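# Kindly return the folded structure for what I paste below:
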Amino acid sequence: MIVKILIIKLGFSETLDTEIGRVPSLGDVLRTTPILWALKEKYPDSHITWLVSENAEQLLHGNKFIDRILTWDAFVPFQLMREKFDILINLEKIPGIAALSDMIDGWTRYGFRFDSITGSYHAYESGLSFIDYIERKKKTNNTKDFWQKVLIEMLGVEWKGQEYIIGYKPKTEETYDVGLNYEVGSKWPTKAMPKERWKELEKRFLDLGYTVSWQRGLKDLYEYMDWINSCKLIISTDSLGIHLAFTFKKKVIGIFGSTDSQEIYLYDKGKVIHSDQECTYMPCYYSKCITGLNCMNSINIDKVVETSREMLSK
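Numbering: from 1, shown residues only. As a prediction, the model looks like this:
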């Protein structure tokens, strides 16, 4: 019998962080895709539908494990409330979407539900690990549970380092030694390293004889993925680029300050360099620095260059 599965992951809220907004997080959608391996392992004969925002739809096109992509609009919720599913996985914390999840006919449920007492979100029994994770981060700002690991173990499947899955096949070949993935989304501008520091990095690499390319495809996701694939090594802030780089099996250096690098699984291809700034709030996940220290100004450029040379020499 075919198991009918619905995944609700639009990208409007961060699954394992407290943030809820209306600016889609494309990286959040992409790093949810490893659960597809777990679902196909647990339910080999399954039909998978994924509900996603229009902004993130291109990340799912052509995915070999997704049978149907539904793009969020004013009509889709009514359609879903009339369908039946064997498995329902809601990874959005926005109260309205959690309420929609409760109204969809699903036999087994994972992830977030609507809390009718508080008017906010809570979790289905099979999603309580999410709430525990969020509460731990509130108290300690530290966890060693990788994002993908928490999602996959929620489904009762063993974590084996399952990789990202994407359907798009880049049209480019490796051309550049180093790619500078400098842009960050509007949700967390504190993730950005100042442009002057990126220019300093470029000069250092050029002086050493490496070829360098600046981020491309800022308005076209397919062009962006083509650019990622054209670089041997991607240096990136905590953004979609770092997840795409792992997807396309690139060498990766992630630079972190205001967000937690321990959420990122490096797939044996990445290194992390943290800000040298001393700050009791770091990682804070604030959209605006409350101390004026601006931790991303204190990334050690020497360390980035030296780590890059080591990785490129292998």
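# going forward, measure contacts and count neighbours with C-alpha atoms only.
Fine.
# Can you tell me the SS state at Y210?
coil (DSSP: H, G, I helix; E, B strand; the rest coil).
# Now do the nearest residue to it once chain neighbours are set aside, the pLDDT please.
Leaving aside its sequence neighbours, Y210 sits nearest to D177 (Cα to Cα, 6 or more residues apart in numbering; 6.0 Å). pLDDT for D177: 98.
# can you check I264 too?
Model confidence at I264 (pLDDT) stands at 85.
# That one and G270: what is the separation?
10 Å (Cα to Cα, to the nearest Å).
# wait, doesn't the residue nearest to Y210 sit right on T211?
Yes. At 5.2 Å, D177 counts as touching T211 under the criterion of Cα atoms under 8 Å.
# Neighbour count for those two, which is higher?
D177 (18 against 15; other Cα atoms under 10 Å).
# quick one: contacts for the more buried one?
Residues in contact with D177 (Cα atoms under 8 Å, 6 or more residues apart in numbering) are 210-212, 231-233, 312.
# Show me which of the residues you listed are buried.
Burial by neighbour count, judged by 16 or more other Cα atoms under 10 Å, picks out 212, 231-233 from those.
# for the residues you listed, which one is nearest L60?
C231 (22.3 Å; Cα to Cα).
# State the phi and psi torsions of that closest one.
Dihedral pair for C231: phi -110, psi 140, per degrees, to the nearest 10.
# Tell me where the stretch 51-200 of the chain has helices.
76-80, 95-103, 128-140, 147-154, 195-207 (DSSP state H, counting those that start in this stretch).
# Mean pLDDT for these - can I get that in TSV?
Converted to TSV, these look like this (pLDDT from 0 to 100):
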stretch	mean pLDDT
helix 76-80	97
helix 95-103	95
helix 128-140	63
helix 147-154	87
helix 195-207	97
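# can I get those helices in TSV with mean neighbour count?
Formatted as TSV, these follow (neighbours: other Cα atoms under 10 Å):
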stretch	mean neighbour count
helix 76-80	13
helix 95-103	20
helix 128-140	15
helix 147-154	21
helix 195-207	15
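# by contact count, what packs against the top strand by length along the chain?
In the chain, with assignment by DSSP state E, the single longest strand is strand 105-115. For strand 105-115, the packing partners by 3 or more Cα pairs under 8 Å, 6 or more residues apart in numbering; DSSP states H and E come out as strand 84-90, helix 95-103, strand 120-123.
# Let's see that with 10 Å instead.
strand 3-8, strand 84-90, helix 95-103, strand 120-123, helix 128-140, helix 147-154 (3 or more Cα pairs under 10 Å, 6 or more residues apart in numbering; DSSP states H and E).
# what bits of the stretch 101-250 of the chain have low per-residue confidence?
127-144 (pLDDT under 70).
# Pull the contacting residues for S126.
Listed by Cα atoms under 10 Å, 6 or more residues apart in numbering, the contact set of S126 reads 89, 108-112, 153-156.
# Correction: the previous question concerned G241.
Contacts of G241 (Cα under 10 Å, 6+ apart): 26-27, 180-184, 215, 224-225, 228, 234-235, 247, 252, 254.
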